[in-house]
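Participant: Predicted model, plus sequence, below.
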There are 2 protein chains.
Amino acid sequence: MRRISERVWAPGELIPGEVDLAQEFGCARATVNRALRQLAEAGLLDRRRKGGTRVARYPVRKATLDIPVTRLEIEGRGVPYRHTLLNREICCPPDSICEAMDVSQTTQLLHLPALHFADGKPFLYEDRWINTAAVPEIQDEIFSEINANEWLIEHALFSRGDIRFSAANATKKEAKILQCEAEQAIFIIDRTTWNKDQSVTSVRLAYAPGFHMRSQI
Amino acid sequence: MRRISERVWAPGELIPGEVDLAQEFGCARATVNRALRQLAEAGLLDRRRKGGTRVARYPVRKATLDIPVTRLEIEGRGVPYRHTLLNREICCPPDSICEAMDVSQTTQLLHLPALHFADGKPFLYEDRWINTAAVPEIQDEIFSEINANEWLIEHALFSRGDIRFSAANATKKEAKILQCEAEQAIFIIDRTTWNKDQSVTSVRLAYAPGFHMRSQI
DNA sequence: ACAGTTATTATGTGCAGACATAAAAACTTG
DNA sequence: CAAGTTTTTATGTCTGCACATAATAACTGT
């Protein structure tokens, strides 16, 4: 890492093989392998079999950010958390959701719009659609004690998911719900999760103005 | 992973030790160790010495997203890229930058606002401040062939960085630069990078309306 | 000259065994 | 019984070796 950051090994340059490095540093090849693998994961190296290891031409650091559990995020700021389920119905979702979840337009999904409060003020408007075929047990849940987000975490782990971050102007409806002015800039997260090619849930998170997401790289 | 997603091992539950798992799966402990370490990195397991390994109570998947190199991002979409340096001056930055970069308010920094175009249309307005004390060579660079972002990637690797994502309404100035309407929602990335406790650069990226950042989890 | 085959090689992945380390558990002592 | 000490234990990390695999390089025959 020092040699990369101090340009002893320049971007794009081929670095010595594992065996050579092991000898130079006086350790086993497995140790070198692990170190190089970590640096490759971090985006600092490009490795190819037989091709050797070279410093990434664009040493793109990867930011990792946790998918937040809203309640914990709010409680972590030291303010009280509250949660309200705004509706509960089974109906056909809009086309955008059908497409995101890869279900036919005639599929009935469970619609659970909800509002999370931090310190009594609206914090996050969550517009969630759940594929009941993937988690049939959810139909018996009332969500009085626990919110949909955490229920799903406990009962329906996913194998993969798409996540999309964007900015949008608050619609009149969103402005009313989040108690802000229409057209204010809102941070949006759209997330769809899957379990073995079956979509589990698709959710649009609209954070109240002023929200920001931090990360370290 | 199957046992976690199918709740054979429930959240919070202590799973067998490495030695037991190695015996059960008929492999070496090192192999089990590597598998468990990967799952812990992914956020599915919590591990502690002596304490053992347990399924994360909130199996928070971590989204990893690359810090984008704007030119590559645009060219990756198959459209031509262009870049314009809007200004170049050495002056005292606003207080917010001084605070973010941890320099005194009398420090002179290199200010390099720039505009990136995708397919001839404004794509990203980049308001960058550079600590010339950290990268003195930059004073001799003209940025005619290469933009500041890529110059820094080639010449000044950082050891760590803070990154912040948010949404903001376009100011009149930003609207004019990005050729959009004032008050439109803009996706913002604020990033400050450091090299051994010395700030290198702080940049605010304002993406044109419609931009979104994707990731997989 | 060229297509097809074979050899080489750097990384990928695995094994068995060893010692290090942190934290919990058990034990001692005033 | 509380405070301090020792023991135990599960993970952390390393060594040295072996074989797998993919991609390149070298070779071959027409």
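Facilitator: Great, that's in hand.
Participant: List the neighbours of the helix or strand where A:L36 lies that are in contact with it.
Facilitator: Using DSSP states H and E, the element containing A:L36 is helix A:29-41. By CB atoms under 8 Å, 6 or more residues apart in numbering or on different chains, the residues outside helix A:29-41 that reach it are A:M1, A:I4, A:E18, A:V19, A:L21, A:A22, A:F25, A:L45, A:D46, A:R47, A:T53, A:K62. Heads up, the C-betas are built off the backbone N, CA and C, glycines and all.
Participant: what are the bridge partners for the last one, then?
Facilitator: Read that as A:K62. Legend: beta-bridge partners of A:K62 under DSSP bridges are B:D66.
Participant: residues touching it, list them.
Facilitator: Contact partners of A:K62, counting by CB under 8 Å, 6+ apart, are A:E41, A:A42, A:G43, A:I217, B:T64, B:L65, B:D66, B:I67.
Participant: near DNA strand C, anything from the very next helix or strand once past the helix holding A:L36?
Facilitator: For helix A:29-41, the following helix or strand on the C-terminal side (DSSP H and E) is strand A:45-48. Yes. Shown here: strand A:45-48 in contact with DNA strand C (CB under 7 Å from any atom of the strand) through A:R47, A:R48.
Participant: For strand A:45-48, name the packing helices and strands.
Facilitator: Counting contacts by 3 or more CB pairs under 8 Å, 6 or more residues apart in numbering or on different chains; DSSP states H and E, strand A:45-48 is packed against helix A:29-41, strand A:52-55.
Participant: Now do the contacts for the residue nearest to the spatial centre of chain A.
Facilitator: The centroid of chain A falls nearest to A:I67 when counting by CA atoms, centre = their mean (4.3 Å). For A:I67, the contacting residues are A:I163, A:R191, B:V60, B:R61, B:K62, B:A63, B:I217, by CB under 8 Å, 6+ apart.
Participant: contacting residues for the most far-flung residue of chain A relative to its centre?
Facilitator: The outermost residue of chain A, judged against the average C-alpha position, is A:Q23 (41.2 Å), by CA atoms, centre = their mean. Residues near A:Q23 by CB under 8 Å, 6+ apart: none.
Participant: Where does it fall, secondary structure wise?
Facilitator: Short version, using DSSP H and E: A:Q23 is in helix A:18-25.
Participant: How about that helix and DNA strand C, touching?
Facilitator: Yes. Contact of helix A:18-25 with DNA strand C (CB under 7 Å from any atom of the strand) involves A:E18, A:V19.
Participant: re the thing from before, most widely separated two among the contacts of helix A:29-41?
Facilitator: Across these, the longest distance by CB to CB is 28.0 Å; it joins A:V19 and A:K62.
Participant: what about stretch A:58-69, distance to the chain center?
Facilitator: Taking CA atoms, centre = their mean, to the nearest Å, one finds the center of stretch A:58-69 at 10 Å from the center of the full chain.
Participant: Show me which residues of that stretch are buried.
Facilitator: A:Y58, A:P59, A:V60, A:R61, A:A63, A:L65, A:D66, A:I67, A:P68, A:V69 (16 or more other CB atoms under 10 Å in any protein chain shown).
Participant: what's the answer for stretch A:167-185, then?
Facilitator: Result for stretch A:167-185 [16+ other CB under 10 Å]: buried residues A:A167, A:A168, A:N169, A:A170, A:E174, A:A175, A:I177, A:L178, A:C180, A:E183, A:Q184, A:A185.
Participant: Keep only those of the residues you listed that are in strands.
Facilitator: Within the buried residues of stretch A:167-185, residues falling in strands by DSSP state E are A:A167, A:A168, A:N169, A:A185.
Participant: which residues touch A:P80?
Facilitator: Contacts were defined as CB under 8 Å, 6+ apart; by that measure A:P80 touches A:I74, A:A118, A:D119, A:G120.
Participant: between those, which is nearest DNA strand D?
Facilitator: A:I74 (29.6 Å; CB to the nearest atom of the strand).
Participant: rewinding a little: now the buried members of the contacts of helix A:29-41.
Facilitator: Using 16+ other CB under 10 Å as the burial test, the contacts of helix A:29-41 include A:I4, A:E18, A:L21, A:A22, A:L45, A:D46, A:R47, A:T53 as buried.
Participant: Thanks a lot, see you next time.
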